[in-house]
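# Mind looking at a prediction? Sequence and model below.
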Amino acid sequence: EAGVTQSPTHLIKTRGQQATLRCSPISGHTSVYWYQQALGLGLQFLLWYDEGEERNRGNFPPRFSGRQFPNYSSELNVNALELEDSALYLCASSASGWDTQYFGPGTRLTVL
Amino acid sequence: QKEVEQNSGPLSVPEGAIASLNCTYSDRGSQSFFWYRQYSGKSPELIMFIYSNGDKEDGRFTAQLNKASQYVSLLIRDSQPSDSATYLCAVMVTGGGNKLTFGTGTQLKVEL
């Protein structure tokens, strides 16, 4: 069974630009979660999508947004990039609620 | 006070010993508790989860909950060098829109 996939693996942007990160969940999973893992700050919950709807979001500004497509894949958009947005962005998926979340390999975003 | 706290370590144990990892949480409404293992440069991998009604044992791993003192622990028996990783504790409060909150992780080193 294929796991959660994310693209791209690495992304380099400059301040003020926009970044788009993509995630494909495990087949059969309808929930997708996005997390930011910045150095020294641990995993911070960003967004939760289920059945195409945003179900919850963490304490991040509105320039962090995303969507979930009918095939349950998801993208995360970060507008007006700031230096502190540099982090590993992890996507996870689950079949039912929060019980079993499986993480993808992550996208390393570097903002210069 | 952070919502989920872990000692950053490193926690060093000899091979074959029992490693004990602890995590404290602040919200008494927490319902589910998760332990993830994260190898350096990799994404988190779910090891175990428990609900507020009991402990769980799975192979060499045991997760225990102390609701009165608001901490959850992970015991690793017969520690192996391959167990060397960062262990992340995560707590979910269902009343808060199923928001999963992670600790910053404890680094475990199993020495030969």
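The structure has been received and is ready for your questions.
# Report the contact partners of the residue most central in space within chain A.
Centroid-nearest residue in chain A: A:Trp34, 3.3 Å away (criterion: CA atoms, centre = their mean). Contact analysis of A:Trp34 by CB atoms under 8 Å, 6 or more residues apart in numbering or on different chains lists A:23, A:45-48, A:66, A:74, A:76, A:89-91. Using the backbone N, CA and C atoms, a C-beta is placed for each residue, glycine as well.
# List, out of those residues, those positioned next to chain B.
Applying CB under 8 Å from any CB of the partner chain to those, one finds that A:45, A:48, A:90 fall near chain B.
# So which elements touch the helix or strand bottoming out on mean pLDDT in chain B?
Least confident helix or strand, chain B: strand B:99-102 with a mean of 82, by mean pLDDT, DSSP states H and E. Applying 3 or more CB pairs under 8 Å, 6 or more residues apart in numbering or on different chains; DSSP states H and E, one finds that strand B:99-102 contacts strand A:42-50, strand B:85-93.
# Residues contacting that strand, please?
In contact with strand B:99-102 (CB under 8 Å, 6+ apart) are residues A:33, A:35, A:42-45, A:56, A:58, A:98, A:101, B:3-4, B:25, B:34, B:36, B:88-93.
# hmm, 10 Å instead?
For strand B:99-102, the surrounding residues in contact (CB atoms under 10 Å, 6 or more residues apart in numbering or on different chains) are A:33, A:35, A:37, A:41-45, A:48, A:55-59, A:92, A:98, A:101, B:2-4, B:6, B:23, B:25-27, B:30, B:32, B:34, B:36, B:44, B:88-93.
# pretty sure B:Thr62 is touching B:Asp78, no?
No - using CB atoms under 10 Å, B:Thr62 makes no contact with B:Asp78, being 11.9 Å away.
# Nearest to A:His29 among the ones next to chain B among the contacts of A:Trp34?
When the ones next to chain B among the contacts of A:Trp34 are ranked by distance to A:His29 (CB to CB), A:Trp48 comes first, at 12.5 Å.
# Next, count neighbours for that closest one.
25 (other CB atoms under 10 Å in any protein chain shown).
# What does B:Ser82 show for phi and psi?
phi -70, psi -10 (degrees, to the nearest 10).
# Chain A contacts on chain B?
Neighbours of chain A within chain B, by CB under 10 Å from any CB of the partner chain: B:2, B:4, B:6, B:8, B:31-32, B:34, B:36, B:38, B:41-46, B:49, B:51, B:86, B:88, B:90, B:92, B:94, B:96-105.
# Quick check: PyMOL command selecting the buried ones in the residues you listed.
A single PyMOL command selects the buried members of these (16 or more other CB atoms under 10 Å in any protein chain shown):
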select buried, chain B and resi 4+6+32+34+36+38+43+44+46+49+86+88+90+92+98+99+100+101+102+103+104+105
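# Whichever strand or helix holds the residue nearest to the centre of chain A to strand A:42-50, inter-axis angle?
When elements are assigned from DSSP states H and E, A:Trp34 belongs to strand A:31-38. Here strand A:31-38 points in a direction 160 degrees away from that of strand A:42-50 (axes from the mean of the first three to the mean of the last three CA atoms, to 10 degrees).
# measure B:Val110 to chain A for me?
Between B:Val110 and chain A the computed distance is 22 Å (CB to the nearest CB, to the nearest Å).
# hey, where'd the strands end up in chain B?
Assigned by DSSP state E, chain B shows strands spanning B:4-5, B:11-14, B:19-25, B:32-38, B:45-51, B:56-58, B:61-66, B:71-76, B:85-93, B:99-102, B:106-111.
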